[in-house]
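Peer 1: only geometry, no sequence info:
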């Protein structure tokens, strides 16, 4: 009746974090050649003990077993942005507990931002007396403040160390610095004054690279960071640095001349390399986001690749260590399931299965180059995650998938097996009072265009293997008595599909809804006059594919225009009788998306001479938090035409009340429906 923890120093060939767990009639034995290996063995034992049995905690049985286990990657990280949202010391500890449960070993602590400086620096007290508080958050009218004292940091570091987690602080530079500039405006190019930012985005005011006081200030900050944090690495950011101020700054331009630099990109590299040399002298190394590649990579820098894998691949080929954190695979601030039910997020989707299937080793690298990929981490940016409860929701259960990406041998990964075990893991979350998402039970539709292009064959799926799916095609809410889904559904007319999933006899609360429009312009080509935005390219027949865009601007259905109007010409192929024309626009002022000033509809029989038949005007919202689809509809007397031209007038610039008043506005359009 004993649990034996044994340090075995004779097996030096075994990875430091490896362990062996043996459970037999003789007792429980955990063996490792390091204390952190023993710790991970205990985590596995806890999972065996805490596996819920029919909803009861006791009595429990532990199965006889032998586990020989070791991680694939040495760097297994999780990030938290406390610059934009301040979290209590207790919640940071809870976050570390969740990480430890999943055998992660590195906490990337994002401590400074435009919206808040969260770390006490005794040499520069105004960083927290001024930089740690803002008047409001995204127009909510509520003051926000908070920072971590150096005693708080020591307490958190001690807690992390007891869970074998290394804490890497991030001090952003040269961009994302408005909170620091609000405290010390003399470190900017313009002299200010500044206020701590109350909204989200990338801002033009950055640390002045031509001012020696900037570097003296940052060295003073880093001295205290080094004294506090024992980690080998210090993260210095380096991402999203607009060069506008540098281009107009006499000091920055003089620096470019004095250092024989080509341009502002090389000035950024100079900035990063200078900071790196300072940290190297102090016995530390830097990590930066992949933008630190711009203008030349600092020697010995470790790159954290977030804009896809390209930066990581380039860095590995140059012989630099790389931590993979591509946003499309590992940004946990993206929604997990049906966007109609998920919390308000940045607008992209990252399913749990996508995380699980990710391999941090790019195929583009040779075997020799692959050794520079030391691991990966997921990032949790908190602009639109206002509470700890929602933070847990975005974290779990995707953290389980990340854990297996970083720990399990890729050849042994099995999504179906993982999903089976995840059901037990989510019961464990509930027992521990963690707020995990259940998005794996959401229904999704895979729409395959019919060969004759008359409609769709719709396949319904869930990420979690389900007992059954039930659906309706008349817009009514389905239940267990509704038609059971057994094979793909044929849709060749206007249809509202609703579906629900059942697992272990329980109905998932979320009802999947999708409208299909098989209309007279279905798959007809729309010639667009103005250039659309890169990344928002629904393109030609994408505007008539019968599938409308959602309130998630990143769902791939919206065609976007920056400042320009939408002018689309639709050719119906022949003279056609019509009575109705409609299209949608996305209104989301926080991301500079506005409904048009007006929409005008024209018809033509020859494609040359057009007659205006309708115009509608829209009021520009004064609600900064609006997020909705605005519809234009013409419904009139029957007429014949071959060509339709729709002109939607972009408001051009953001209105006076907007945080970026005067900047170019965006117009997003989708699905031109003709009936």
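Peer 2: Noted; the coordinates are in hand. None of the values given here were measured: they were computed from a predicted structure. Residues are numbered from 1 along each chain as shown.

Peer 1: just the helices in the stretch 351-500 of the chain please.
Peer 2: Assigned by DSSP state H, counting those that start in this stretch, the helices in the stretch 351-500 of the chain fall at 352-356, 367-370, 388-395, 398-407, 415-431.

Peer 1: now, of those, which is deepest in the fold?
Peer 2: helix 398-407 (a mean of 24; mean count of other Cβ atoms under 10 Å). For glycine as for every other residue, the C-beta is placed from the backbone atoms N, C-alpha and C.

Peer 1: one step back: can you put the helices of the stretch 351-500 of the chain in TSV and add distance to residue 216 and mean pLDDT?
Peer 2: Below are these laid out as TSV (distance: least, Cβ to Cβ, whole Å; pLDDT from 0 to 100):
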stretch	distance to residue 216	mean pLDDT
helix 352-356	42	98
helix 367-370	38	97
helix 388-395	36	98
helix 398-407	39	98
helix 415-431	47	94
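
Peer 1: in JSON lines, list those along with distance to residue 237.
Peer 2: Converted to JSON lines, the helices of the stretch 351-500 of the chain look like this (distance: least, Cβ to Cβ, whole Å):
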{"stretch": "helix 352-356", "distance to residue 237": "24"}
{"stretch": "helix 367-370", "distance to residue 237": "25"}
{"stretch": "helix 388-395", "distance to residue 237": "21"}
{"stretch": "helix 398-407", "distance to residue 237": "22"}
{"stretch": "helix 415-431", "distance to residue 237": "32"}
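
Peer 1: looking at those, which is nearest to residue 554?
Peer 2: Residue 554 sits nearest to helix 352-356 of all the helices of the stretch 351-500 of the chain, at 14.1 Å, using Cβ to Cβ.

Peer 1: what helices and strands are in contact with that closest one?
Peer 2: helix 327-330, helix 398-407, helix 415-431 (3 or more Cβ pairs under 8 Å, 6 or more residues apart in numbering; DSSP states H and E).

Peer 1: in JSON lines: the ones you listed, plus distance to residue 285.
Peer 2: What follows is the helices and strands packed on helix 352-356, written out as JSON lines (distance: least, Cβ to Cβ, whole Å):
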{"stretch": "helix 327-330", "distance to residue 285": "22"}
{"stretch": "helix 398-407", "distance to residue 285": "21"}
{"stretch": "helix 415-431", "distance to residue 285": "34"}
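
Peer 1: hang on, the earlier thing: relative to residue 209, which of the helices of the stretch 351-500 of the chain is closest?
Peer 2: Nearest to residue 209 among the helices of the stretch 351-500 of the chain is helix 367-370; the distance by Cβ to Cβ comes to 32.0 Å.

Peer 1: run the chain-centre distance for the closest one.
Peer 2: Remark: helix 367-370 is offset 28 Å from the chain centroid, using Cα atoms, centre = their mean, to the nearest Å.

Peer 1: correct me, but residue 666 touches residue 591?
Peer 2: Yes. Counting by Cβ atoms under 8 Å, residue 666 touches residue 591, with 7.4 Å between them.

Peer 1: between the two, who's got more neighbours?
Peer 2: Set residue 666 next to residue 591 and count neighbours by other Cβ atoms under 10 Å: residue 666 wins out with 23 against 15.

Peer 1: residue 643 belongs to a strand?
Peer 2: Yes. Residue 643 sits within a strand when classified using DSSP: H, G, I helix; E, B strand; the rest coil.

Peer 1: how near is it to residue 37?
Peer 2: 71 Å (Cβ to Cβ, to the nearest Å).

Peer 1: looking at these two, which one has more neighbours?
Peer 2: For residue 643 versus residue 37, neighbours defined as other Cβ under 10 Å are more numerous around residue 37 (26 against 20).

Peer 1: and the more buried one, what element?
Peer 2: Using DSSP states H and E, residue 37 sits within helix 35-49.

Peer 1: just want the angle from that helix to helix 415-431.
Peer 2: Here the directions of helix 35-49 and helix 415-431 differ by 80 degrees (axes from the mean of the first three to the mean of the last three Cα atoms, to 10 degrees).

Peer 1: so what does helix 35-49 touch, helix or strand wise?
Peer 2: By 3+ Cβ pairs under 8 Å, 6+ apart, helix 35-49 packs against strand 3-7, strand 19-24, strand 27-32, strand 65-69, helix 89-101.

Peer 1: dump these to a markdown table, plus mean pLDDT.
Peer 2: As requested, the helices and strands packed on helix 35-49 are exported to a markdown table (pLDDT from 0 to 100):
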| stretch | mean pLDDT |
| --- | --- |
| strand 3-7 | 94 |
| strand 19-24 | 96 |
| strand 27-32 | 95 |
| strand 65-69 | 95 |
| helix 89-101 | 98 |
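
Peer 1: which one of these lies nearest to residue 323?
Peer 2: Shortest distance between residue 323 and the helices and strands packed on helix 35-49, using Cβ to Cβ, is found for helix 89-101: 15.6 Å.

Peer 1: buried residues, that closest one. List them.
Peer 2: Going by neighbour count (16 or more other Cβ atoms under 10 Å), the buried part of helix 89-101 is 91, 92, 94, 95, 96, 98, 99, 100, 101.

Peer 1: so which of those comes closest to residue 245?
Peer 2: Closest to residue 245, out of all of the buried residues of helix 89-101 and judged by Cβ to Cβ, is residue 92, at 33.7 Å.

Peer 1: return the residues in contact with the closest one.
Peer 2: For residue 92, the contacting residues are 80, 82, 156, by Cβ atoms under 8 Å, 6 or more residues apart in numbering.

Peer 1: now the second one, nearest residue through space, not along the chain?
Peer 2: Using Cβ to Cβ, 6 or more residues apart in numbering and skipping the chain neighbours, the partner closest in space to residue 82 is residue 118 (5.2 Å).

Peer 1: near that neighbour, how many other residues are there?
Peer 2: Neighbours of residue 118 (other Cβ under 10 Å): 28.

Peer 1: that one contacts residue 80, doesn't it?
Peer 2: No. In this structure, residue 118 is not within contact of residue 80 by Cβ under 8 Å, at 10.9 Å.

Peer 1: where does the chain dip in pLDDT?
Peer 2: Residues of the chain meeting the criterion pLDDT under 70: 9-14, 50-59, 538-541.

Peer 1: give the bridge partners for the most centrally placed residue in it, please.
Peer 2: Compute the mean C-alpha point of the chain, and by Cα atoms, centre = their mean the closest residue is residue 331, 3.3 Å away. According to DSSP bridges, the residues that bridge with residue 331 are residue 379.

Peer 1: that older thread, in strands, which of the contacts of residue 92 fall?
Peer 2: The strands, defined by DSSP state E, take in residue 80 from those.

Peer 1: got the helices and strands packed on helix 35-49 as CSV, with distance to residue 134 columns?
Peer 2: Shown next, in CSV, are the helices and strands packed on helix 35-49 (distance: least, Cβ to Cβ, whole Å):
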stretch, distance to residue 134
strand 3-7, 48
strand 19-24, 45
strand 27-32, 46
strand 65-69, 45
helix 89-101, 20
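
Peer 1: nearest to residue 430, out of the ones you listed?
Peer 2: That would be helix 89-101 among the helices and strands packed on helix 35-49, by Cβ to Cβ, at 13.5 Å.

Peer 1: now the closest one against helix 35-49, angle please.
Peer 2: Going by the same axes, to 10 degrees, helix 89-101 makes 90 degrees with helix 35-49.

Peer 1: now helix 89-101, how far from the centre of its chain.
Peer 2: Its chain's C-alpha centre and that of helix 89-101 lie 20 Å apart, by Cα atoms, centre = their mean.

Peer 1: that helix: what's the following helix or strand?
Peer 2: Following helix 89-101 in sequence, per DSSP H and E, is strand 106-110.

Peer 1: can you tell me the strand partners of whichever helix or strand comes after that next one and which way each runs?
Peer 2: Next helix or strand after strand 106-110 toward the C-terminus (DSSP H and E): strand 112-113. According to DSSP bridges, strand 112-113 has the following sheet partners: strand 116-117 (antiparallel).
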